[in-house]
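J.: Quick one, what's the 3D model for this:
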Amino acid sequence: LRKTIGFHMSTIAVLSDIHGNLPALEAVILDMKTLDVDEVIVAGDSILGPHSEEVVDYIIDHNWLVIKGNYEINLLDKGYSIYEDKRMTQENYPIPAWLNEIVPHRLKASIAEWPDRLSLKYPYAPAICVVHGSPRNAWESIYPTAADEEIYELLANVTEPIVITGHTHLPMDRKTWKWRVLNPGSVGLPILGKHEASYLLLEQIDQDWRPYFRKVPFDNELVYQGFKKRKFEEHFGVVGRLFVETFKTARPQGGFVKWMKTHYPTEVWSQEKLDEYYDTCAWWEYAHPVYRIDLQDQEKDTTQANPT
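T.: Purely as a prediction, here's the structure:
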């Protein structure tokens with residue numbers, strides 16, 4: 001989808017990965033009201049948490065520019081794109097069923113019309129490409145630590161000089177080759193250890209975009225209550241518990257998948273195995289290295305407390 005914005009655009013707010021977290025979105029909205037924001041862009045993954053319906057309603061009612069993320073694709077294709085990988089089944093990845101439970105039919109038609117990618121043109125500032133993961137697909141990450149050559153391969157067909165991406169939940173401002181790659185971080189599912197909604201402002205200055213990252217604290221108690229009310233963990237087992245733990249701790253819990261492949265490659269996921277995982281290792285030991293960027297002191301303390 002290509003769109004040209006009017007001549008008086010000065011400041012854009014870029015949000016991503018709201019993940020159905022209404023308290024976090026409301027905190028960002030209050031913060032934006034103190035600023036002179038002319039347009040809002042949402043770079044996908046607006047749904048997942050218990051307030052997904054309210055989040056999507058707000059985006060639609062306020063005419064924000066928005067694209068699909070991988071969770072919107074999961075909603076619409078009921079997991080087909082995930083279950084093509086034979087290792088993923090409805091039993092060990094029931095999230096598409098959950099999404100179809102919490103997002104009403106009246107909103108699915110609107111979400112189906114959201115593009116996978118935006119190309120935004122401006123008269124007095126560089127054009128912007130908005131994707132969720134990479135231009136190739138919504139699940140492919142552009143990490144802050146990626147080599148220049150890797151980013152070149154991912155962006156080879158992108159003509160816009162500014163690229164906005166999401167998916168990793170990590171704020172990023174990276175200049176490489178002919179592109180400036182920006183990630184606003186996550187509004188609703190932060191993973192750097194604090195319940196702070198992260199988003200990005202782009203201010204038009206001297207025919208260029210100047211980025212400013214914003215972090216806004218929020219109260220996550222309503223999210224826990226929403227999961228509890230819908231009995232999310234009871235219905236969705238290990239996966240449900242991992243997602244709730246991610247919301248609760250503001251840390252990624254996906255290391256369990258690698259841990260299982262390492263220690264129990266032929267066994268199915270179970271609550272007992274998840275208990276063992278939490279009892280025997282810290283979350284970062286099996287997480288992608290990029291998520292360990294703020295853990296040097298924490299690892300040092302753990303090493304001192306548990307000498308080998």
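J.: what's the neighbour count on residue 240?
T.: Counted by other CB atoms under 10 Å, the residues lying close to residue 240 total 19. No exception for glycine: its C-beta is placed from N, CA and C like everyone else's.
J.: what sits against it?
T.: Neighbour list for residue 240: 94, 98, 227, 232-234 [criterion: CB atoms under 8 Å, 6 or more residues apart in numbering].
J.: Could you give me the ChimeraX syntax to select whichever of those residues are buried?
T.: Buried subset of those, written as a ChimeraX selection, criterion 16 or more other CB atoms under 10 Å:
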select :94,98,227,232,233
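J.: separation between the spatially closest residue to residue 92 that is not a sequence neighbour and residue 257?
T.: Nearest residue to residue 92 in three dimensions, chain neighbours excluded: residue 269, at 5.4 Å (CB to CB, 6 or more residues apart in numbering). As judged by CB to CB, to the nearest Å, residue 269 and residue 257 stand 9 Å apart.
J.: next one: residue 280
T.: Taken as CB to CB, the span from residue 280 to residue 257 is 16 Å.
J.: higher neighbour count, these two?
T.: For the pair residue 280 and residue 257, the greater number of neighbours falls to residue 257 (15 against 10), based on other CB under 10 Å.
J.: State the helix or strand in which that one lies.
T.: Counting by DSSP states H and E, the element that carries residue 257 is helix 255-263.
J.: Give the buried residues for that helix.
T.: 255-256, 259-260.
J.: What mean pLDDT does that helix get?
T.: Across helix 255-263, the average pLDDT comes to 93.
J.: which stretches of the stretch 101-250 of the chain form helices?
T.: Using DSSP state H, counting those that start in this stretch, the helices of the stretch 101-250 of the chain run over 105-113, 148-155, 221-229, 232-249.
J.: ok so, going back, can you count the residues close to the residue nearest to residue 92?
T.: Counted by other CB under 10 Å, the residues lying close to residue 269 total 19.
J.: which regions of the chain lie under the pLDDT threshold?
T.: The model of the chain has pLDDT under 70 over residues 1-9, 79, 81-88, 293-308.
J.: Would you map the strands across it?
T.: Per DSSP state E, the chain carries strands over the ranges 2-4, 11-15, 39-42, 65-66, 118-122, 125-130, 162-164, 172-176, 179-183, 196-205, 208-217.
J.: Partner strands of the second one and their direction?
T.: Sheet pairing here is set by DSSP bridges, and for strand 11-15 it gives strand 39-42 (parallel), strand 196-205 (antiparallel).
J.: What is the distance between that strand and the centre of its chain?
T.: 16 Å (CA atoms, centre = their mean, to the nearest Å).
J.: Now do it against strand 208-217, angle only.
T.: Per axes from the mean of the first three to the mean of the last three CA atoms, to 10 degrees, the angle that strand 11-15 makes with strand 208-217 is 50 degrees.
J.: Identify, out of the helices of the stretch 101-250 of the chain, the most deeply packed stretch.
T.: Highest mean neighbour count among the helices of the stretch 101-250 of the chain (mean count of other CB atoms under 10 Å): helix 232-249, with a mean of 18.
J.: In the contacts of residue 240, find the pair that's most separated.
T.: Taking CB to CB as the measure, those span a maximum distance of 14.1 Å, between 94 and 227.
J.: quick one: contacts for the nearest residue to residue 291 once chain neighbours are set aside?
T.: Leaving aside its sequence neighbours, residue 291 sits nearest to residue 252 (CB to CB, 6+ apart; 5.3 Å). Applying CB under 8 Å, 6+ apart to residue 252 gives the contacts 169, 191, 246, 283, 287-288, 291.
J.: try residue 287
T.: When contacts are counted by CB under 8 Å, 6+ apart, residue 287 touches 252, 254-255.
J.: and with 10 Å instead?
T.: 191, 251-256, 258-259, 295 (CB atoms under 10 Å, 6 or more residues apart in numbering).
J.: again, but for residue 273
T.: Each residue near residue 273 by CB under 10 Å, 6+ apart is listed here: 238, 256, 259-260, 263-264, 267.
J.: gap between it and residue 286?
T.: Separation of residue 273 from residue 286 (CB to CB) stands at 13 Å.
J.: that older thread, any residues in contact with both of residue 269 and residue 257?
T.: Contacts common to residue 269 and residue 257, judged by CB under 10 Å, 6+ apart, are 92, 242, 277.
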